[in-house]
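A.B. asks: Here is my input; please provide its structure:
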Amino acid sequence: MPQQSLIRTRRAPIALMACESGRKFGEEVAKKLEKQLIPSKETWFACGEGKIEIKANVRGHDLYVFQTVVGPQDTKSIYDRFVMLLHAIEAAALADAQYITAVVPYYPGARQDKKKGRTREGISAGLFARMLQSAGADRVMTVEIHNDAIAGMFNPCYTNLENVFLTKHLVSWLKAQKLVGEVIVSPDVGYLERARAYAEALSADLAALSKERDYSKPNQIYHSTLIGDVSGKNILLIDDIIDTAGSVVASIGELKKRGGRNIIVVCIHPVFSKPAWERLNAIKQKADLEGWSFQVVGTSAVTHEDTPPWYHCFKIEDVVSQVVEKINSRGSVTEI
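C.D. replies: Predicted coordinates:
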């Protein structure tokens with residue numbers, strides 16, 4: 001018999017909805033897909049409890065629920081936003097959505113992916129995975145998760161983790177914006193392989209910093225050692241998460257001591273908790289006084305308003321919309 005061509009059929013009609021904290025991001029993705037978010041109502045009670053009601057029929061749909069758990073768009077905590085996402089997933093499951101995908105650009109708890117030595121602490125990344133799975137998510141879509149091994153914290157019989165990589169798209173954008181360097185620096189040895197991908201794509205040298213942390217204190221780096229040569233070179237320092245910017249300040253200090261010239265910091269998740277903006281602005285002022293260039297690149301995985309001219313934002317909504325389309329049409333996400 002002649003071999004018949006494989007005809008891919010869509011999983012189900014697409015439906016898109018958002019929790020309030022993720023509404024702006026969801027609306028931007030919906031525009032790329034030429035769709036609108038279905039209506040929903042989020043309610044917070046005086047005691048701090050909340051709920052969400054889906055205001056449209058999602059029975060039999062391939063539903064994507066958008067939530068951004070970090071960022072300055074409102075005063076809700078990361079835990080408030082995450083629990084509201086769980087409410088939305090459960091509401092969708094009870095409304096008989098055929099497939100439910102939670103779209104969470106920044107995966108909460110990703111940095112708490114293992115125990116630090118013989119400590120008595122939980123593993124938050126696994127806890128959040130179990131909660132998403134129990135709520136009814138068939139798939140969790142995130143962007144450049146801190147540790148790829150978190151995918152193994154989900155039971156694939158129930159929930160899959162879709163980790164969206166930005167390297168190819170971000171490299172093209174950096175080239176177009178002329179935000180490149182002669183050497184790519186990884187902030188630690190754990191991020192070295194991803195930094196290597198950027199170095200190869202940009203035909204640049206590669207170096208790395210080895211960080212020594214004080215785990216008794218959050219967000220504390222007390223020493224960085226450079227592996228490689230940056231003397232006289234323009235630097236692209238690439239990290240996945242910048243929280244308070246303490247690590248960035250320490251890294252830049254070491255790179256300048258080693259003779260680095262202009263520095264561009266690139267991060268996928270610009271969380272920028274206090275006092276990140278103040279620290280980065282202090283670096284910019286120091287650079288201006290000393291006659292070297294300092295710029296920061298973030299992505300819309302975490303959106304900030306009224307940013308200074310030295311901050312540049314790469315929009316990820318187009319990439320995310322392509323992934324949604326590929327999942328719905330049963331195509332290959334690796335082609336994106």
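
A.B. asks: What segments of this protein are helices?
C.D. replies: In the chain, the helices defined using DSSP state H lie at 23-32, 78-94, 124-135, 167-176, 192-201, 246-257, 276-290, 317-328.

A.B. asks: And the protein, what are its domain boundaries?
C.D. replies: Domains of the chain are assigned by automatic domain parsing as 14-165+317-335, 167-314.

A.B. asks: Considering the ones you listed, which stretch scores lowest in mean pLDDT?
C.D. replies: Among these, domain 167-314 has the lowest mean pLDDT, at a mean of 93.

A.B. asks: distance between the ends of that domain?
C.D. replies: The straight-line separation of the ends of domain 167-314 (CA to CA, to the nearest Å) is 12 Å.

A.B. asks: how about stretch 70-82: buried residues?
C.D. replies: For stretch 70-82, a neighbour-count test (16 or more other CB atoms under 10 Å) marks Val70, Gly71, Gln73, Lys76, Ile78, Asp80, Arg81, Phe82 as buried. Backbone N, C-alpha and C define where each C-beta goes, glycine included.

A.B. asks: now, the most widely separated pair of those?
C.D. replies: Pairwise distances across the buried residues of stretch 70-82 peak at 14.8 Å for Gln73 and Phe82 (criterion: CB to CB).

A.B. asks: can you tell me which residues contact Ser40?
C.D. replies: Going by CB atoms under 8 Å, 6 or more residues apart in numbering, Ser40 touches Met17, Ala18, Cys19, Ile52, Glu53, Ile54, Lys55, Ala88.

A.B. asks: Just the buried subset of the residues you listed, please.
C.D. replies: For the contacts of Ser40, a burial check counting by 16+ other CB under 10 Å picks out Met17, Ala18, Cys19, Ile52, Ile54, Ala88.

A.B. asks: Need those residues in JSON lines (columns: distance to Val180).
C.D. replies: Listed next are these as JSON lines, based on distance: CB to CB, whole Å:
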{"residue": "Met17", "distance to Val180": "38"}
{"residue": "Ala18", "distance to Val180": "34"}
{"residue": "Cys19", "distance to Val180": "36"}
{"residue": "Ile52", "distance to Val180": "43"}
{"residue": "Ile54", "distance to Val180": "45"}
{"residue": "Ala88", "distance to Val180": "40"}
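
A.B. asks: can you tell me which of the residues you listed are in strands?
C.D. replies: Among the buried ones among the contacts of Ser40, the ones falling in strands (DSSP state E) are Met17, Ala18, Ile52, Ile54.

A.B. asks: Contacts only, for the second one.
C.D. replies: Which is Ala18. When contacts are counted by CB under 8 Å, 6+ apart, Ala18 is found next to Phe25, Gly26, Glu27, Leu37, Ser40, Val65, Phe66, Gln67.

A.B. asks: Thr159: which of the helices of the chain is closest?
C.D. replies: When the helices of the chain are compared by CB to CB, helix 124-135 sits nearest Thr159, at 4.3 Å.

A.B. asks: neighbouring contacts of that closest one?
C.D. replies: Here helix 124-135 makes contact (CB under 8 Å, 6+ apart) with 82, 85-86, 89-90, 93, 102, 107-110, 112-113, 140, 147, 150, 153-155, 158-159, 161.

A.B. asks: a markdown table for the buried residues of stretch 70-82, including distance to Arg258?
C.D. replies: Formatted as a markdown table, the buried residues of stretch 70-82 follow (distance: CB to CB, whole Å):
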| residue | distance to Arg258 |
| --- | --- |
| Val70 | 32 |
| Gly71 | 34 |
| Gln73 | 38 |
| Lys76 | 41 |
| Ile78 | 36 |
| Asp80 | 43 |
| Arg81 | 40 |
| Phe82 | 40 |
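
A.B. asks: Sort out which one of these lies nearest Gly117 for me.
C.D. replies: Ile78 (25.2 Å).

A.B. asks: Contact partners for that closest one?
C.D. replies: For Ile78, the contact set (CB under 8 Å, 6+ apart) comprises Val69, Val70, Pro108.

A.B. asks: List the contacts of the last one.
C.D. replies: Same thing as Pro108. Counting by CB under 8 Å, 6+ apart, Pro108 has contacts Val69, Val70, Ile78, Phe82, Ser124, Phe128.

A.B. asks: which one among the contacts of Ala18 gets closest to Trp310?
C.D. replies: Set against Trp310, the nearest of the contacts of Ala18 by CB to CB is Phe25 (23.6 Å).

A.B. asks: about what we covered before: distance to Cys47 for the contacts of Ala18 - can I get that in CSV?
C.D. replies: Listed next are the contacts of Ala18 as CSV, based on distance: CB to CB, whole Å:
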residue, distance to Cys47
Phe25, 28
Gly26, 27
Glu27, 30
Leu37, 28
Ser40, 21
Val65, 24
Phe66, 26
Gln67, 22
